[in-house]
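Visitor: Mind folding the following:
(one chain, ligands or ions: 1)
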Amino acid sequence: MKEFWSKRVRDMIPYVPGEQPKDRKFIKLNTNENPYPPSPKVLAAAKAAADEALRRYPDPECLALRQAIAAHAELDPSQVFCGNGSDEILSFAFQAFFDKENPITFPDITYSFYEVYVKFLDLTSNLIPLNEDFSLPVERFVREPSGGVVIANPNAPTGQAISLDELRRILNGNREQVVIVDEAYIDFGGDSAVGLIDEYPNLLVVQTASKSRSLAGLRVGWALGNANLIAAMCCVRDSINSYTVDRIAQAAAAAALEDAAYFDQTRRAIMHTRESALTRLQELGFQAAPSKANFLFVRHPKLAGKLVFQALRERGILVRRWDQLRIEDYLRISVGTEEEMDALCAALREIVSG
Ligand code: PMP
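Guide: Here you go, the predicted model:
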């Protein structure tokens with residue numbers, strides 16, 4: 001079966017993305033996509049970019065997009081790196097800043113792609129268990145020797161965020177190594193670390209257009225940090241593929257950054273829906289902690305996670321669940337539209353009472 005495969009690939013257990021069903025129409029609450037369409041200005045920019053210029057390579061430096069991101073983040077374009085979604089950005093960062101001899105620290109329950117990069121890139125990791133309530137044991141990230149730190153803030157799949165004071169403690173305790181803060185979900189209520197970049201030359205903040213900008217299908221993410229870190233990211237990219245962000249994606253993502261009003265309107269709608277869904281799920285007996293992301297992480301004390309997952313699927317609703325120690329009974333439910341959350345709550349009411 002694995003004839004011709006390299007040793008490294010033969011032994012890999014890759015990341016499994018959430019299901020994108022093709023056969024049947026589901027209410028899709030399983031991959032933290034935005035339930036609202038991209039801004040009309042983004043669609044217009046994408047269409048305008050689909051012209052005869054596509055015969056040319058895109059700008060490998062993504063200058064116009066970097067300028068739009070820098071203006072939004074109040075940074076210099078030299079402090080911005082763009083890539084093909086934040087997954088690519090993270091994979092470049094793991095290659096740019098970490099070495100096998102010094103394990104990277106990240107939580108035991110977090111974005112599962114981090115451990116996949118560790119294995120694929122032949123690195124090592126030191127997994128710090130989250131506290132019982134899934135909060136981050138900040139002091140352990142300060143105390144434990146580390147070759148680098150990766151923290152998703154807010155964390156996935158728990159939705160819990162740390163404060164800037166807690167992040168400062170981690171940065172102060174790790175001045176000799178790079179601290180990556182994955183802010184894929186930051187626009188839904190967390191405090192961004194971007195304002196700390198000028199103070200900490202070892203801080204790399206990673207963000208994406210996939211969630212709060214409704215552009216998961218476009219594949220654009222970016223890293224923000226000291227120009228020295230950005231130069232290392234460029235070195236990795238230009239050793240693999242100089243053209244990771246295509247012309248249409250560069251134009252459309254820049255338009256997304258410029259449409260502040262639409263961005264604000266849709267992310268506020270999602271936060272509002274999240275809060276009312278949280279209350280309704282709690283009323284149905286689910287244990288659900290407050291979330292600063294566009295998803296909720298919930299369990300029912302009397303029902304196995306697998307059972308609820310299946311029962312929702314049979315009712316045409318997709319959510320996400322992992323066969324992983326400590327969280328096997330939890331479901332991660334992306335925040336959809338008000339109507340989608342109504343359907344979710346109605347289905348859960350049936351499942352709980354049945
Ligand atoms: N980081 C976290 C914590 C995520 O949940 C995701 C989405 N799966 C990503 C990064 C990657 O997002 P994208 O590649 O679409 O930017």
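Visitor: residues from the stretch 151-300 of the chain in reach of the ligand?
Guide: 152, 156, 182, 184, 208, 210, 216, 221 (CB under 6 Å from any ligand atom). All C-beta atoms are positioned from the backbone trio N, CA, C, and that covers glycine.
Visitor: Switch the residues you listed over to CSV; also include neighbour count.
Guide: Below are those laid out as CSV (neighbours: other CB atoms under 10 Å):
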residue, neighbour count
152, 27
156, 22
182, 28
184, 25
208, 27
210, 23
216, 17
221, 26
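Visitor: now, among these, which is nearest to residue 64?
Guide: Distance to residue 64, by CB to CB, is smallest for residue 221 among these, at 16.5 Å.
Visitor: how about the nearest residue to that closest one, chain neighbours excluded?
Guide: Nearest residue to residue 221, sequence neighbours excluded (CB to CB, 6 or more residues apart in numbering): residue 86, at 3.2 Å.
Visitor: touching the ligand at all, the one helix or strand that neighbour maps to?
Guide: Here residue 86 sits within helix 85-97, counting by DSSP states H and E. Yes - using CB under 6 Å from any ligand atom, helix 85-97 comes into contact with the ligand via 85-87.
Visitor: among the residues you listed, who's most crowded?
Guide: residue 86 (25 neighbours; other CB atoms under 10 Å).
Visitor: Kindly reformat the residues of the stretch 151-300 of the chain next to the ligand as CSV containing secondary structure and pLDDT.
Guide: Shown next, in CSV, are those (DSSP: H, G, I helix; E, B strand; the rest coil; pLDDT from 0 to 100):
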residue, secondary structure, pLDDT
152, strand, 98
156, coil, 98
182, strand, 99
184, coil, 98
208, strand, 98
210, coil, 98
216, coil, 98
221, strand, 98
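Visitor: Could you find which two of those residues are furthest from each other?
Guide: Most distant of those, by CB to CB, are 152 and 216, 16.6 Å apart.
Visitor: Tell me who's in contact with the closest residue to residue 179 other than its chain neighbours.
Guide: Nearest non-adjacent residue to residue 179, counting by CB to CB, 6+ apart: residue 149, 4.5 Å away. By CB atoms under 8 Å, 6 or more residues apart in numbering, residue 149 lies in contact with 104-106, 141, 170, 174, 177-180.
Visitor: quick one: residue 149 from the ligand, how far?
Guide: Residue 149 sits 15 Å away from the ligand, going by CB to the nearest ligand atom, to the nearest Å.
Visitor: give me the beta-bridge partners of that residue?
Guide: Beta-bridge pairing for residue 149 (DSSP bridges): residue 105, residue 179.
Visitor: quick one: pLDDT of it?
Guide: We have a pLDDT of 98 for residue 149.
Visitor: for the residues of the stretch 151-300 of the chain next to the ligand, which one is nearest residue 76?
Guide: residue 221 (19.0 Å).
Visitor: The closest one reaches residue 207, doesn't it?
Guide: Yes - with contact defined as CB atoms under 8 Å, residue 221 reaches residue 207; the gap is 6.6 Å.
Visitor: overlap in contacts of these two?
Guide: The contact sets of residue 221 and residue 207 overlap at residue 86 (CB under 8 Å, 6+ apart).
Visitor: just the helices in this protein please.
Guide: Using DSSP state H, the helices of the chain run over 7-10, 40-49, 63-73, 85-97, 113-120, 138-143, 164-172, 227-237, 247-258, 260-283, 305-314, 338-353.
Visitor: Let me have the ones you listed in JSON lines, adding distance to residue 324 as columns.
Guide: As requested, these are exported to JSON lines (distance: least, CB to CB, whole Å):
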{"stretch": "helix 7-10", "distance to residue 324": "23"}
{"stretch": "helix 40-49", "distance to residue 324": "35"}
{"stretch": "helix 63-73", "distance to residue 324": "34"}
{"stretch": "helix 85-97", "distance to residue 324": "19"}
{"stretch": "helix 113-120", "distance to residue 324": "11"}
{"stretch": "helix 138-143", "distance to residue 324": "20"}
{"stretch": "helix 164-172", "distance to residue 324": "24"}
{"stretch": "helix 227-237", "distance to residue 324": "29"}
{"stretch": "helix 247-258", "distance to residue 324": "33"}
{"stretch": "helix 260-283", "distance to residue 324": "21"}
{"stretch": "helix 305-314", "distance to residue 324": "11"}
{"stretch": "helix 338-353", "distance to residue 324": "22"}
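Visitor: Format those as CSV; extra columns: mean pLDDT.
Guide: Formatted as CSV, these follow (pLDDT from 0 to 100):
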stretch, mean pLDDT
helix 7-10, 93
helix 40-49, 98
helix 63-73, 98
helix 85-97, 98
helix 113-120, 97
helix 138-143, 97
helix 164-172, 98
helix 227-237, 98
helix 247-258, 98
helix 260-283, 98
helix 305-314, 97
helix 338-353, 98
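Visitor: Just the buried positions in the helix holding residue 86, please.
Guide: 85-97 (16 or more other CB atoms under 10 Å).
Visitor: Which residue of this structure lies farthest from its centroid?
Guide: In the chain, residue 354 marks the outermost C-alpha relative to the chain mean, sitting 34.9 Å out by CA atoms, centre = their mean.
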